[in-house]
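Participant: Pasting a predicted model and its sequence here:
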Amino acid sequence: MIEISKLTKTYEKSSRALKDVSLTIDDGEFVFITGRSGSGKSTLLRILLKEVEPTSGRVVVNDMDLGRMPRRYVPKYRRQLGVVFQDFRLLKDRNVYENVAFAQRVIGVSGRKIRESVPEMLRMVGLSSKYKSFPHQLSGGEQQRVAIARALINRPAILLADEPTGNLDPHNAMEIMGLLEEINRQGTTVVVVTHSSEIVNMMRKRVITIQRGIVVGDEKESGYWYED
Amino acid sequence: MRISTFWFCLKQGLVNICRNIWFSLASAAIISACIFLFCVFYSIITNVQYMVVTAESTMGITVFFDESLPEDEIHAIGEEIRKAQGPIIKDMKFTSAEEAWESFKKEYFGENSDLAEGFSDDNPLTGSASYEIYLYDINDQEPVVKYLEGLSGVRKVNYSNSAAAGLSSFNKVLALLFGAIILMLLAVAVFLISNTISVAAGMRKNENKIMRLIGATNFMIRAPFVVEGTILGLLGAAIPLGAMYFGYRQTVTYVVGRFQILSGIIQFLPIEEIYPSMAAISLALGGGLGLVVSFLTIRRHLKV
């Protein structure tokens, strides 16, 4: 569960990214966070990843208060989150298998466990046959599937996706959203930051809309209503 | 640490070296130069010390007394010397005038000892009773000689201050010279290793960022770079050690052959005696330098 109360983030030169944001995301929910560029939705994601510290307010994720978390616990906290980016952020010099295995290698998972879990994850995202391919040999949709597999390999409770379809054509975008929905059905909380109205309208999930750092809408099974 | 983590860090360290091969080679080369000089210096110092020790064990101070001085008074002066300089004296040997003449006869006439019979009733070395004094440390020779020369009843003090003392001061000059060169090379090595690690960190910035977001600890992010630095340091040490192992014998053979006239003074230690300690210090120096510099450098690049 994610509980955010009165969250404010002000960057230097007094540009305010978030103001008094309060919201709760329950376990197993699928949530879109929408808003135009610069509205503060990516800042919210970075605060959840503990990449940036809020100016004020409280953020509790899975009963862990991020404001009171000592720095040495941050790596362990991040292992409970999976994260997917618009630009995929794959390692170009490693093949699909190694890109997914990387997420386990860097946290010290045994080689035996890696050999078991990576093929299973690649099966889930439909890339079993391409495990030897390098990122440049894959389509955008396939690269994003690899990124999703990497995000999920450590079985996180929450998956955070920052514009996951931003670099994809509509067909691939729909496939990726279908995959995220499937992941959500299996129990993972999915938080997708996007400004794609097509995706939001098609999915009919909870939509939290942020405008100039303020939550201006929070509706269940909603569509995209903010006018760019 | 899991064995898989160890292999991961080792592999990433090697990958870093390969990606950045020219910088890596430059770093290893400068460490090699530094450690080669250290090895040369170490070999010379160890051998000079060995020669000094050999000289110290063979060179003594000989004290001669006034010719008219009776033997019991000579013994009394001997006791006085022993009391005053006891802690620094390794050995002290009395040679009477008769013993001196016997020894001289043996050495000078050899098998023709009958030639010395003409002196049978008249010891030509009367008044040559002496004390032979051996010191623990050759550096104490100068003050001891001054002390002995100041004693009443002492006629003459013989000692050699050229060879052993000269070797000692040679050691000091050499230490200063090599120390200065090694320090300069170390500074260049630190700069190059630091630069190599910085370039590697720059090349892996994206990867480090991903690692951080996935939940890798600082240790896991730093370790490949520290491994890289340590490997470069060890590689830099291994090259001159290999060269020394084969070059030392050749050099010793050459010097001994070229300067046969000095064979009594110049005695070299066999490679087997100096190599283990030299190798241990060199590997610790190279590996330690790489480890410390890469660790300190990567700390600056940790925030991604």
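Facilitator: Alright, I've got the coordinates.
Participant: Tell me which residues touch the nearest residue to B:F38 once chain neighbours are set aside, please.
Facilitator: Using Cβ to Cβ, 6 or more residues apart in numbering or on different chains and skipping residues adjacent in sequence, the residue nearest B:F38 is B:I182, 5.7 Å away. Every C-beta, even on glycine, is put in place using the N, C-alpha and C of the backbone. Taking Cβ atoms under 8 Å, 6 or more residues apart in numbering or on different chains, we find B:I182 in contact with B:34, B:37-38, B:41.
Participant: Most neighbours out of these, which is it?
Facilitator: For these, counting by other Cβ atoms under 10 Å in any protein chain shown, the largest number of neighbours falls to B:C34: 26 neighbours.
Participant: helices or strands next to the helix or strand where that residue lies in the packing?
Facilitator: Under the criterion of DSSP states H and E, B:C34 resides in helix B:21-58. Packing partners of helix B:21-58 (3 or more Cβ pairs under 8 Å, 6 or more residues apart in numbering or on different chains; DSSP states H and E): helix B:3-19, strand B:130-135, helix B:163-203, helix B:218-258, helix B:271-301.
Participant: Report whether the first one contacts chain A.
Facilitator: Pointing back at helix B:3-19 there. Yes - judged by Cβ under 8 Å from any Cβ of the partner chain, helix B:3-19 comes into contact with chain A through B:4-5, B:8.
Participant: Mind pulling up the pLDDT for the closest residue to B:A29 other than its chain neighbours?
Facilitator: Sequence neighbours aside, B:G236 is the residue nearest to B:A29 in space, at 7.4 Å (criterion: Cβ to Cβ, 6+ apart). Listed pLDDT for B:G236 reads 92.
Participant: wait, B:G236 sits on B:I35?
Facilitator: Yes - with contact taken as Cβ atoms under 8 Å, B:G236 and B:I35 are classed as touching, separated by 6.2 Å.
Participant: Find residues that contact each of the two.
Facilitator: Common neighbours of B:G236 and B:I35, counting by Cβ under 8 Å, 6+ apart, are B:G286.
Participant: tell me the secondary structure for the residue positioned nearest the centre of chain A?
Facilitator: Compute the mean C-alpha point of chain A, and by Cα atoms, centre = their mean the closest residue is A:L160, 1.6 Å away. With DSSP: H, G, I helix; E, B strand; the rest coil as the basis, A:L160 sits in strand.
Participant: So what sits opposite it in the bridge?
Facilitator: A:V83, A:V191 (DSSP bridges).
Participant: and it, what does it touch?
Facilitator: A:45, A:48-49, A:81-84, A:191, A:193.
Participant: Could you point out the helix or strand that follows the strand or helix carrying A:L122?
Facilitator: Take DSSP H and E as the rule and A:L122 turns out to sit in helix A:111-124. Going down the chain from helix A:111-124, the next helix or strand is helix A:140-152, by DSSP H and E.
Participant: What lies in contact with that following helix?
Facilitator: A:82-85, A:88-90, A:96, A:99-100, A:102-103, A:121-122, A:124-127, A:130, A:135, A:138, A:159, A:164-165, A:167-169, A:171-173, A:175-176, A:179-180, A:183, A:188, B:214.
Participant: and residue 70, how many neighbours does it have?
Facilitator: With no chain named, the answer covers chain A. Residues within reach of A:P70, counting by other Cβ under 10 Å, total 6.
Participant: meant chain B, my bad for not saying
Facilitator: The burial count for B:P70: 10, using other Cβ under 10 Å.
Participant: Return the distance of it relative to A:K19.
Facilitator: Distance, B:P70 to A:K19, using Cβ to Cβ, to the nearest Å: 111 Å.
Participant: just A:R204 next, same as before
Facilitator: 28 Å.
Participant: Of those two, give the one with the bigger neighbour count.
Facilitator: Shown here are A:R204 and A:K19; by other Cβ under 10 Å, A:K19 has more neighbours (19 against 13).
Participant: The more buried one contacts A:V215, correct?
Facilitator: No - using Cβ under 8 Å, A:K19 is not in contact with A:V215; the gap is 9.2 Å.
Participant: Please name the residues that touch the closest residue to chain A within the stretch 51-200 of chain B.
Facilitator: In the stretch 51-200 of chain B, the residue found nearest to chain A is B:A200; the distance is 13.8 Å by Cβ to the nearest Cβ. By Cβ under 8 Å, 6+ apart, the contact set of B:A200 is B:16, B:19-20, B:23, B:225, B:228.
Participant: Can I get the buried ones among those residues as something I can paste into PyMOL?
Facilitator: For the buried members of these, the matching PyMOL selection, counting by 16 or more other Cβ atoms under 10 Å in any protein chain shown, is:
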select buried, chain B and resi 16+20+23+225+228
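Participant: Using a markdown table, lay out the contacts of B:A200 together with distance to A:K9 and pLDDT.
Facilitator: Listed next are the contacts of B:A200 as a markdown table, based on distance: Cβ to Cβ, whole Å; pLDDT from 0 to 100:
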| residue | distance to A:K9 | pLDDT |
| --- | --- | --- |
| B:N16 | 36 | 83 |
| B:R19 | 37 | 83 |
| B:N20 | 38 | 81 |
| B:F23 | 40 | 83 |
| B:F225 | 32 | 90 |
| B:E228 | 37 | 90 |
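Participant: Going by distance to A:T209, which of the contacts of B:A200 wins?
Facilitator: Distance to A:T209, by Cβ to Cβ, is smallest for B:F225 among those, at 43.3 Å.
Participant: which non-adjacent residue is nearest the closest one?
Facilitator: Closest to B:F225 by Cβ to Cβ, 6+ apart is B:I298, at 4.2 Å.
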